[in-house]
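Undergrad: Build me a model:
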Amino acid sequence: MMKFQNQFNSVETLEQKRRELMVEPRSNGYRPRHGLSPGNGHRESYTASAPPSAPASNSGSDVGGLDFTREDVEALLNERMRTKSKYNYKERCEQMMDYIRRLRLCIRWFQEVEGGYILEQDNLRELVEAAEKQCFDIEVMMQNKEEELNAIIMELRKNYTMLQDRCAKEESDKLGVLDELSREKEARLAAEKLQDSVSDDLAKAKQEQQSSNQKIASLNEMYNRLQEYNSSLQQYNSKLQTELATANETLKRVESEKSSIVEKLNILKGQHHSLEDQLTSTKASQEEAVKQKEALINEVGCLRTELQQSQDERARQLSQVQALTDEVAKYKDFTGSSVSELDNLTLKSNELQVTCLTQNEQVQTLQKQLAIAQKKLQMSDLSATETRQQFAEQNSVICDLRNRLADAESKIVEGEQLRKKLHNTILELKGNIRVFCRVRPLLPEEGSNADTKIIAFPTSTEALGRGVDLLQNGQKHSFTFDKVFVPDTAQEDVFVEISQLVQSALDGYKVCIFAYGQTGSGKTFTMMGKPGNPEKKGLIPRSLEQIFATRQSLQAQGWKYDLQVSMLEIYNETIRDLLSTTKPSFTENSPGKQYTIKHDANGNTHVSDLTIVDVRSSKEVAYLLDKAAQSRSVGKTLMNEQSSRSHFVFTLRISGVNESTEQQVQGVLNLIDLAGSERLSKSGSTGDRLKETQAINKSLSSLSDVIFALAKREDHVPFRNSKLTYLLQPCLGGDSKTLMFVNISPEVSSLGESLCSLRFASRVNACEIGVPRRQTNVRSSESRLSYG
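TA: Alright, predicted model coming up:
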């Protein structure tokens with residue numbers, strides 16, 4: 001009985017495990033019947049019917065419909081035989097047979113249930129294996145899905161980065177739009193202030209304040225319209241290009257008109273010279289005629305005097321004849337004088353009459369001569385009047401032609417200004433680095449033989465003032481830049497071309513101008529000029545004079561500016577402070593004070609422990625420039641007597657505040673004189689000069705690598721390869737207005753270096769560094785120096 005109880009307990013345990021495993025129905029729709037399912041009254045029933053997969057029972061219908069409960073099994077096991085008589089064996093046998101029969105039924109039911117459970121256990125094992133295989137397949141599929149999801153996540157991250165860059169670009173475009181809107185708003189306010197009274201200005205200012213609040217509220221909508229604005233910018237760019245083409249055509253037409261007007265002017269000048277010669281000869285003949293007239297007038301006066309005298313003499317003689325005749329008659333009458341005396345008197349009278357007739361003829365002849373002289377004088381007066389009229393007409397024609405020529409020249413100047421403005425606008429929209437080329441004149445010791453000229457300047461309309469040709473072994477290399485200066489260009493004319501760029505620093509932009517070229521090509525002369533000669537001052541002193549003059553003129557509009565100056569040089573990849581009060585000592589073992597370069601998030605560059613000086617006049621800056629020039633590293637080579645051996649960086653930080661509008665601007669002007677590239681075979685550098693040459697060429701090579709990376713739009717730009725490129729990083733890769741002067745030498749021996757410089761300048765001109773952005777936000781007091 002204990003063995004049967006243990007079997008019953010094991011069956012119950014198997015039933016519990018099966019109940020735990022069989023949570024869900026099988027896929028074939030069969031749901032196994034629980035052997036120990038709870039019933040009413042907390043009873044547990046046992047059904048003799050096995051699962052469909054179990055073998056069929058041999059007992060027939062006696063077992064097929066019999067159910068056992070726990071109480072029945074326990075009662076069966078605990079059942080005691082009760083008979084009325086202890087000796088009634090027949091009754092006891094019947095009871096035992098009935099008990100054995102029931103036990104057999106129960107055992108058979110247990111066997112069938114156990115077989116069903118074993119079969120079901122096998123099925124469950126197969127299901128577990130299938131589930132494990134399915135889980136393995138799911139894990140493999142999940143790993144594949146995970147890899148696919150990782151790839152998708154990487155692609156989404158790249159898209160997210162691209163979207164961030166696009167958002168940053170759109171944000172910068174948005175800031176540009178806001179700046180444009182603010183400028184338009186200021187212009188409109190100025191026009192309205194000029195047109196309306198103070199009360200109207202106040203009312204419109206309130207309306208504009210309300211509209212500005214509405215604009216601030218609609219900035220989110222404007223962000224969604226940035227794409228449309230980008231397309232409008234592209235259309236505006238194409239429109240600018242068409243306007244530029246139209247301006248070029250207008251410029252060509254004006255130049256052709258100018259050439260025709262110049263030819264006409266030359267013809268008229270020739271006619272003018274011939275008329276002046278005629279006028280001179282006419283004036284000479286007029287003077288001779290005047291002299292003849294005066295002589296004739298004098299002669300006529302003399303003749304008139306003589307005629308008067310003759311008439312007086314004739315009258316006197318006639319009176320004498322009459323007196324004599326009277327006396328003769330009287331004598332004849334009274335005394336009868338002798339005939340001989342009468343004949344004498346008659347002869348005298350006849351002679352006197354002949355003399356009077358002769359004098360009358362002379363008087364008539366003189367009168368005729370006087371009339372002829374008066375006619376000649378009138379004719380000369382008429383010819384002089386006509387000559388004066390012709391001269392006045394020619395003068396009026398010449399004045400008209402001069403006015404037309406002045407109008408044509410003004411149109412040409414306006415067209416050139418419009419072309420420059422459109423060109424600068426296109427460059428600012430593209431974000432290109434502007435490049436100016438300057439050719440220095442030949443030195444006296446270099447000679448000026450025309451047969452050895454290697455540089456030519458094209459005269460076509462498209463390339464006039466913008467093109468330069470380099471001749472090498474009969475082959476012509478043509479280059480086009482934003483502006484090309486011929487050797488005889490004055491320093492003032494060079495500065496006029498960059499004056500508007502310098503003005504941008506006062507308007508709140510970052511401006512960088514640097515000179516590049518081989519040693520001895522005129523970089524330092526372009527940037528610093530010739531000391532002691534005001535006419536040959538360089539770009540740095542002229543820029544400072546303009547900034548201080550503009551600062552003085554803007555005070556009337558309520559602007560106040562604070563200016564700060566710093567100067568440094570990069571010598572052998574080491575930064576030196578040129579305004580330091582303590583004179584440093586540089587040796588190989590002790591390189592001196594170390595300076596570090598750092599860039600902040602706003603694109604500003606900080607140099608640690610660098611001396612910064614507040615300046616209030618151009619004289620103070622001139623003194624600081626002289627001090628820096630004395631501290632700068634200069635050496636002598638075979639190519640240059642005063643060769644710069646370091647990169648010189650002049651920085652002017654501008655902070656402006658308008659008290660009336662409460663507007664604040666911050667601009668930076670960087671003027672950089674790079675050391676010249678040189679070849680050791682030509683410079684003959686040794687010792688310290690050799691180390692300097694190697695450091696200079698290395699830094700300029702790093703600059704070339706940066707330009708090539710920017711031109712190719714590479715993801716990584718090697719700004720950190722040298723101190724120079726890391727210092728110029730905001731200028732070359734930020735939102736700065738950047739201009740490069742490429743200086744070349746016309747000497748034949750420098751042909752290779754000049755060609756390399758021009759090719760490098762062409763690559764620089766093709767680089768796009770971003771649209772310049774005006775700095776109107778308030779900076780902290782710690783941000784005192786910036787190079788970008």
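
Undergrad: going forward, measure contacts and count neighbours with C-alpha atoms only.
TA: Noted.

Undergrad: rounded to a whole number, what's the mean pLDDT of stretch 114-133?
TA: With pLDDT averaged residue by residue, stretch 114-133 scores 89.

Undergrad: Return that stretch as PDB; C-alpha atoms alone will do.
TA: Taking Å, rounded to 0.1, in the frame of the first residue of the first chain, the C-alpha atoms of stretch 114-133 are listed here in PDB:
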ATOM      1  CA  GLU A 114       1.400   7.100 -16.700                       C
ATOM      2  CA  GLY A 115       1.800   6.000 -20.300                       C
ATOM      3  CA  GLY A 116      -0.100   9.100 -21.500                       C
ATOM      4  CA  TYR A 117       2.100  11.200 -19.300                       C
ATOM      5  CA  ILE A 118       5.300   9.600 -20.700                       C
ATOM      6  CA  LEU A 119       4.000  10.100 -24.300                       C
ATOM      7  CA  GLU A 120       3.100  13.700 -23.400                       C
ATOM      8  CA  GLN A 121       6.500  14.200 -21.800                       C
ATOM      9  CA  ASP A 122       8.100  13.100 -25.100                       C
ATOM     10  CA  ASN A 123       5.900  15.400 -27.000                       C
ATOM     11  CA  LEU A 124       6.700  18.200 -24.500                       C
ATOM     12  CA  ARG A 125      10.400  17.400 -24.900                       C
ATOM     13  CA  GLU A 126      10.000  17.700 -28.700                       C
ATOM     14  CA  LEU A 127       8.100  21.000 -28.200                       C
ATOM     15  CA  VAL A 128      10.900  22.300 -25.900                       C
ATOM     16  CA  GLU A 129      13.500  21.400 -28.500                       C
ATOM     17  CA  ALA A 130      11.500  23.000 -31.300                       C
ATOM     18  CA  ALA A 131      11.000  26.100 -29.000                       C
ATOM     19  CA  GLU A 132      14.700  26.200 -28.300                       C
ATOM     20  CA  LYS A 133      15.500  25.900 -32.000                       C
END
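
Undergrad: Run the chain-centre distance for that stretch.
TA: Taking C-alpha atoms, centre = their mean, to the nearest Å, the mean C-alpha location of stretch 114-133 is offset from the chain mean by 79 Å.

Undergrad: repeat for stretch 156-172
TA: With C-alpha atoms, centre = their mean, you get 23 Å for stretch 156-172.

Undergrad: and if you look at stretch 553-568?
TA: For stretch 553-568, the distance to the chain centre is 23 Å (C-alpha atoms, centre = their mean).

Undergrad: Mind jotting down where the strands sit in the stretch 651-788 of the chain?
TA: 663-673, 737-744 (DSSP state E, counting those that start in this stretch).

Undergrad: Dump the ones you listed to JSON lines, plus distance to Val486.
TA: Shown next, in JSON lines, are the strands of the stretch 651-788 of the chain (distance: least, C-alpha to C-alpha, whole Å):
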{"stretch": "strand 663-673", "distance to Val486": "20"}
{"stretch": "strand 737-744", "distance to Val486": "11"}
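
Undergrad: Please identify which of the ones you listed is closest to Ala371.
TA: strand 737-744 (79.2 Å; C-alpha to C-alpha).

Undergrad: Make JSON lines from the strands of the stretch 651-788 of the chain and add mean pLDDT to it.
TA: Shown next, in JSON lines, are these (pLDDT from 0 to 100):
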{"stretch": "strand 663-673", "mean pLDDT": "89"}
{"stretch": "strand 737-744", "mean pLDDT": "91"}
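
Undergrad: Would you reformat the ones you listed as CSV and include distance to Ile513 and mean neighbour count?
TA: Formatted as CSV, those follow (distance: least, C-alpha to C-alpha, whole Å; neighbours: other C-alpha atoms under 10 Å):
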stretch, distance to Ile513, mean neighbour count
strand 663-673, 5, 24
strand 737-744, 5, 25
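
Undergrad: which one of these lies closest to Leu127?
TA: That would be strand 737-744 among the strands of the stretch 651-788 of the chain, by C-alpha to C-alpha, at 75.3 Å.

Undergrad: got the angle for the closest one vs strand 663-673?
TA: 20 degrees (axes from the mean of the first three to the mean of the last three C-alpha atoms, to 10 degrees).

Undergrad: tell me which strands and helices strand 737-744 is in contact with?
TA: strand 434-439, strand 510-517, helix 729-733, helix 751-765 (3 or more C-alpha pairs under 8 Å, 6 or more residues apart in numbering; DSSP states H and E).

Undergrad: Please identify the most buried of those.
TA: Of the helices and strands packed on strand 737-744, the one with the most neighbours on average (mean count of other C-alpha atoms under 10 Å) is strand 510-517, at a mean of 26.

Undergrad: Can you tell me the SS state at Glu569?
TA: Classification of Glu569 using DSSP: H, G, I helix; E, B strand; the rest coil returns strand.

Undergrad: what distance separates the helix or strand that contains Glu184 from the centre of its chain?
TA: Per DSSP states H and E: Glu184 is located in helix 89-195. Taking C-alpha atoms, centre = their mean, one finds the center of helix 89-195 at 54 Å from the center of the full chain.

Undergrad: Kindly report the same for stretch 438-447.
TA: Worked out by C-alpha atoms, centre = their mean, stretch 438-447 lies 32 Å from the chain centre.

Undergrad: Give the buried residues for that stretch.
TA: Residues of stretch 438-447 classed as buried under the neighbour-count rule (16 or more other C-alpha atoms under 10 Å) are 438-441.

Undergrad: Kindly report the same for stretch 477-486.
TA: 479-486.

Undergrad: What of stretch 542-556?
TA: Quick answer for stretch 542-556 (16+ other C-alpha under 10 Å): 542-545, 547-548, 551.

Undergrad: can you put these in CSV and add distance to Gln210 and secondary structure?
TA: Listed next are the buried residues of stretch 542-556 as CSV, based on distance: C-alpha to C-alpha, whole Å; DSSP: H, G, I helix; E, B strand; the rest coil:
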residue, distance to Gln210, secondary structure
Arg542, 44, helix
Ser543, 41, helix
Leu544, 41, helix
Glu545, 42, helix
Ile547, 36, helix
Phe548, 37, helix
Arg551, 33, helix
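
Undergrad: Okay, now the unreliable bits of the stretch 551-700 of the chain?
TA: Counting by pLDDT under 70, the ranges of the stretch 551-700 of the chain that qualify are 583-592, 633-644, 678-688.

Undergrad: tell me which of the buried residues of stretch 438-447 is nearest to Met379?
TA: Pro441 (60.6 Å).

Undergrad: what's around the closest residue to that closest one other than its chain neighbours, how many residues?
TA: Counting by C-alpha to C-alpha, 6 or more residues apart in numbering, Pro441 lies nearest to Pro487, which is 4.5 Å off, once chain neighbours are set aside. If you count neighbours by other C-alpha atoms under 10 Å, Pro487 ends up with 13.

Undergrad: do the same with the one 10 residues further on
TA: Neighbour count of Glu497, defined by other C-alpha under 10 Å: 13.

Undergrad: Mind telling me what element it is part of?
TA: Assigned by DSSP H and E, Glu497 falls in helix 491-506.
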